[in-house]
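Chemist: I would like the atomic coordinates for the input below:
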Amino acid sequence: MTSPAAGDAGLAAPLLLANGNGGGATGKGKKYWVPADDEQVLAAMEPGGVEDGRPPPLYRTFKVTGVLLHPYRLLNLARLILVVQFFIWRLRHRDSDSMILWWITVVGDFWFAVSWSLNQASKLNPIRRVPDLALLNQHFDAPGGGGSGQLPGVDVFINTVDPVDEPVLCTMNSVLSILATDYPADRHATYFSDDGGSLVHYEALLETARFAALWSPFCRKHRVEPRAPESYFAARADGTPYAGDAPAQFVDDRRRVRREYEEFKARLAALFTVIPQRSEAYERDRGKGGGAKATYMADGTHWPGTWIEPAENHRKGQHAAIVQVMLNHPGDAPQLGTPASSDDPLDFSGVDVRLPMLVYIAREKRPGYDHQKKAGAMNVQLRVSALLTNAPFVINFDGDHYINNSQAFRAAMCFMLDRRHGDDTAFVQFPQRFDDVDPTDRYCNHNRVFFDATALGLNGLQGPSYVGTGCMFRRAALYGADPPRWRRPDGAKLPLDNHPCRQFGDSMPFINSLPLAAHQERAVTPPPAPPLDERLAAELHDVATCAYEDGTAWGGGVGWVYNIATEDVVTGFRVHRKGWRSMYCAVEPDAFRGTAPLNLTERLHQILRWSGGSLDMFLSRNCPLLAGARLHPMQRVAYANMTAYPIAAAFIFFYDLLPAAWLFLGEFCIQRPFQTYVAYLFAGIAMMEASGAVEVRWAGLTLLDWCRNEQFYMVGATGVYPAAVLHSLLRLVGLKGLPERFAELYDVQWSPLLVPTVVVMAVNVAAIGVAAGKAVAFGWTAAQIVGAAVGLLFNVWILLLLYPFALGIMGRWSKRPYLLLLVLVAALVAVASAYVALLAVLAPRYVAPFMLRLRRWADGDAVSPASWRIF
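Modeler: Down below sits the predicted model:
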């Protein structure tokens, strides 16, 4: 029997989920990956190989070929030896112009070495796992959404806050992509959390449900990708072959659906004027004068959420809970559409037109309560969904992310249902990809070094960390259950004690739903037919109130973790600490796509939140160093690196300001002999970059990806990470951290975060300019110029790393990068001239020889620089 890794199942072709084919590794680095699980797959395919009735392995495992992996490991080992030798040499040569600065640099170099070691340790055994959709469909379900099959149920959580800051059209496109995804309609339900309680979101969701009745059948009939209409209609065909069953009808159907979509967009945009006008009309008809002006729903009743003109119990942070079923559960049997007619020219007679269940949630907000932002909203979704559908798996999205690959849910199920590690897998994390990033990814929004290299390294340990969106969870793991491999044979699947109300709250229907959540074979539980009975409606309202979690384990041992900015990383860590695994799933086309910060200030504040929250985690009871024995040792090392990295900023900032010595001192050396010191540094940097070059190859990255990662790390280290360290220290002593700021898209918003990096740039530009001024004024010899140039390479390197930052603060002028070069040259000339002029005033005897040479040059009697000397 031939190996299943050969031919179409191997790495020769990318994974094309749109066609439902199994495949190999994706991306440019796929040729450097070889199968690692041939024996397991072959054993399962032999007669009698699957005796327990479970399907064969649903994903393939690949490792980096030894041609790249062994040199990669050797380079890292060689650099580690070099670093140890470097420290031995420095401790034996305690010679410096300032011993205080010498000790600071020794400590800084030691911390850099530790950070580098922690970072590389998690990438020494990268693993890529590729789902096999053909096997999944064969054993669990047929693609196309028709029929119930055996696929488990999935509850989908989508979160948003403001219809303006997060454009409502973008959010509704996300909902449409979920409703049209290629997963049985009766086996997934969507829970839309509106944390601002806006009537715009509520009515936009009603409009979306109506348009989905056309959009979802169209997507199923013609199998279009992606299934977010805005992205679909904006994309070029690019010769993509038609995948549907009715090619003759496609052009007309597409034209009709696009026209309907344009009308849908107009209705969404009109909500911002229709709702205020309607509310004013109701106010006039009812003759109310003075007092608060209410916001009215279409049926003439008061909106229980946030009003346009805030009033008591109707403002952001103070409104009642709202749980409304927008689309009911569709039932188990497929429902075919109607043939084309004069009223409806689209023929859906052979298409299942069912729509998944859709629920609107606006949790209660009251003054005096810490609502815990996104984590609090998702815990409410977790409880509400348990009472309505209680699917064994949940997947969460931010409001600006949509499903780009309609079979993404099936890809995740390949890991959750796999016979090898599926039962012990708590979550499957997909990479984050974005649509609106500039071609050069100036601000490193894609973060490909993490998602395409570090995440694969973690995949070879206990699994990748949770990054907040595009992640499928096992519901039981969120409830605090132990994985089967760590569970006692007679132990319960969920940790229910004699007083479950102290863990999960006092809702008995919710507590009764807990045992069912641990059975992954279940579909969603169909809720009662509408209207909901009063008892269930009361329970839904109760679990969405502020006071429900008082005195419970929610936000601690149950659900998403509270009281930290990076609730995603800490939640994933808590799950890993229990002994669960996680899986990384990167597919082609990308499973999900979203929007990213477009300007520098917004990006910096995003990094501040991440880095500050990471350091908060390191300094809290969730510190990876304090975790128990269930956490893999190398996974502990990886989490330590992910949480402590901002500390390096203090030393980087110090190093970046060292060139200021040029401004006030003459020759100044941190370490002597200087030539040996520089040789060690250059050797260490060269080996690090060589290791990075190998990493770029097996991760399928580009040189630009690597450079952007290095550049934006320096941008963060000079401005953001010091602020994050200060933020964490303030929180540690019980004070408030740094305030959050929000920036307008495409604009440069000056904030304190920009100041440190601007100072670093100014110091390094000034150092180069002063060096040029000294060379001119003192008439340096060629040897002196070469020696100074070697030292100034550090300054040039810093400026190159800060290039994206410099473009960012130029605002719209950054469209002309050559202007930055002109400004830099002008600044260097200005600094050099200012230095010479200042020297002429303060120490004219040093400048007199220069003026004499200048006069001779003007008279045509030029003097060679080689004959210059210092007076």
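
Chemist: how many other residues sit next to the residue nearest to Ile395 when sequence neighbours are not counted?
Modeler: Once flanking residues are discounted, Ile395 sits nearest to Met472: 4.2 Å by CB to CB, 6 or more residues apart in numbering. To be clear about C-beta, it is placed using only N, CA and C from the backbone, and glycine gets the same treatment. Residues near Met472, counting by other CB atoms under 10 Å, number 25.

Chemist: beta-bridge partners for Met472, please?
Modeler: Here Met472 sits in beta bridges with Ile395, Val428, as judged by DSSP bridges.

Chemist: contact partners for it?
Modeler: 154, 393-395, 409, 412, 416, 427-428 (CB atoms under 8 Å, 6 or more residues apart in numbering).

Chemist: which two among these are spaced furthest apart?
Modeler: Phe409 and Phe427 (13.6 Å; CB to CB).

Chemist: just want to know which of those two has more residues nearby.
Modeler: Neighbour totals were compared for Phe409 and Phe427, and Phe427 leads with 28 against 24 (other CB under 10 Å).

Chemist: how near is the more buried one to Val575?
Modeler: 7 Å (CB to CB, to the nearest Å).

Chemist: what do the two both touch?
Modeler: 466, 477, 582.

Chemist: find the nearest non-adjacent residue to the last one, please.
Modeler: So the one you mean is Ser582. That would be Gly463: by CB to CB, 6+ apart, it lies 3.0 Å from Ser582.

Chemist: my guess is the one you found meets Met583, correct?
Modeler: Yes: here Gly463 reaches Met583: they are 5.9 Å apart, a contact under CB atoms under 8 Å.

Chemist: all strands for the stretch 251-400 of the chain, in order.
Modeler: Here the stretch 251-400 of the chain has its strands, by DSSP state E, counting those that start in this stretch, at 314-315, 318-319, 322-327, 357-362, 393-398.

Chemist: in JSON lines: these, plus distance to Phe510.
Modeler: Formatted as JSON lines, these follow (distance: least, CB to CB, whole Å):
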{"stretch": "strand 314-315", "distance to Phe510": "28"}
{"stretch": "strand 318-319", "distance to Phe510": "23"}
{"stretch": "strand 322-327", "distance to Phe510": "13"}
{"stretch": "strand 357-362", "distance to Phe510": "15"}
{"stretch": "strand 393-398", "distance to Phe510": "15"}
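
Chemist: would you turn the shared contacts of Phe427 and Val575 into a markdown table with neighbour count?
Modeler: Converted to a markdown table, the shared contacts of Phe427 and Val575 look like this (neighbours: other CB atoms under 10 Å):
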| residue | neighbour count |
| --- | --- |
| Tyr466 | 26 |
| Ala477 | 23 |
| Ser582 | 26 |
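
Chemist: what are the phi and psi values for Ala212?
Modeler: Note on Ala212: its backbone torsions stand at phi -60, psi -30 [degrees, to the nearest 10].

Chemist: and it, what is it in contact with?
Modeler: 175-176, 179-180, 327, 355.

Chemist: what's the local residue count around the residue nearest to Ser582?
Modeler: 28.

Chemist: shouldn't it be within a helix?
Modeler: No: using DSSP: H, G, I helix; E, B strand; the rest coil, the assignment for Gly463 is coil, not a helix.

Chemist: how far away is it from Leu625?
Modeler: 19 Å.

Chemist: same thing with Ala544?
Modeler: 37 Å.

Chemist: next: Ala294.
Modeler: To Leu625, Ala294 is 54 Å away according to CB to CB.

Chemist: the two - which one has more neighbours?
Modeler: The neighbour comparison of Ala294 against Leu625 (other CB under 10 Å) goes to Ala294, with 18 against 11.

Chemist: now do the phi/psi pair for the more buried one.
Modeler: phi -80, psi 160.

Chemist: ditto for Ala596
Modeler: phi -130, psi 160.

Chemist: tell me who's in contact with it.
Modeler: Here Ala596 is in contact with 434, 436-437, 445-446 (CB under 8 Å, 6+ apart).

Chemist: which pLDDT value goes with it?
Modeler: We have a pLDDT of 79 for Ala596.

Chemist: measure it to Ser117 for me?
Modeler: 31 Å.

Chemist: do the same with Pro184
Modeler: 48 Å.

Chemist: just Asn459 next, same as before
Modeler: For Asn459 relative to Ser117 (CB to CB), the value is 20 Å.

Chemist: who's more crowded, the two?
Modeler: Using other CB under 10 Å as the criterion, Asn459 and Ser117 rank with Asn459 on top: 23 against 15.

Chemist: wait, what's in contact with the more buried one?
Modeler: Counted by CB under 8 Å, 6+ apart, Asn459 has contacts 126-129, 583-584.

Chemist: okay, it: pLDDT?
Modeler: So Asn459 comes in at 94 (pLDDT).

Chemist: mind showing which ranges of the stretch 351-500 of the chain have poor pLDDT?
Modeler: 490-498 (pLDDT under 70).

Chemist: quick one, phi/psi of Ser341?
Modeler: phi -150, psi 180.

Chemist: what segments of the stretch 401-550 of the chain are strands?
Modeler: Going by DSSP E, counting those that start in this stretch, the stretch 401-550 of the chain shows strands at 402-403, 425-429, 471-474.

Chemist: so what's Tyr360 closest to, chain neighbours aside?
Modeler: Tyr360 sits nearest to Gln324 (CB to CB, 6+ apart), 4.6 Å away.

Chemist: surely Phe651 and Ala113 touch.
Modeler: No: judged on CB under 8 Å, Phe651 makes no contact with Ala113 at a distance of 11.2 Å.

Chemist: check which helices and strands the one helix or strand Ala762 maps to sits against.
Modeler: Here Ala762 is covered by helix 754-778, with elements defined by DSSP states H and E. The helices and strands touching helix 754-778, judged by 3 or more CB pairs under 8 Å, 6 or more residues apart in numbering; DSSP states H and E, are helix 600-618, helix 649-657, helix 661-664, helix 782-801, helix 803-809, helix 818-842, helix 844-858.

Chemist: can you redo these as JSON lines with distance to Trp33 and mean neighbour count?
Modeler: Below are those laid out as JSON lines (distance: least, CB to CB, whole Å; neighbours: other CB atoms under 10 Å):
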{"stretch": "helix 600-618", "distance to Trp33": "30", "mean neighbour count": "23"}
{"stretch": "helix 649-657", "distance to Trp33": "34", "mean neighbour count": "19"}
{"stretch": "helix 661-664", "distance to Trp33": "48", "mean neighbour count": "16"}
{"stretch": "helix 782-801", "distance to Trp33": "31", "mean neighbour count": "15"}
{"stretch": "helix 803-809", "distance to Trp33": "31", "mean neighbour count": "20"}
{"stretch": "helix 818-842", "distance to Trp33": "40", "mean neighbour count": "14"}
{"stretch": "helix 844-858", "distance to Trp33": "62", "mean neighbour count": "13"}
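
Chemist: got those helices as JSON lines, with mean pLDDT columns?
Modeler: Below are the helices and strands packed on helix 754-778 laid out as JSON lines (pLDDT from 0 to 100):
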{"stretch": "helix 600-618", "mean pLDDT": "84"}
{"stretch": "helix 649-657", "mean pLDDT": "80"}
{"stretch": "helix 661-664", "mean pLDDT": "61"}
{"stretch": "helix 782-801", "mean pLDDT": "74"}
{"stretch": "helix 803-809", "mean pLDDT": "73"}
{"stretch": "helix 818-842", "mean pLDDT": "74"}
{"stretch": "helix 844-858", "mean pLDDT": "53"}
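
Chemist: export the ones you listed as CSV, with columns for distance to Val755.
Modeler: Converted to CSV, these look like this (distance: least, CB to CB, whole Å):
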stretch, distance to Val755
helix 600-618, 11
helix 649-657, 12
helix 661-664, 19
helix 782-801, 17
helix 803-809, 11
helix 818-842, 18
helix 844-858, 34
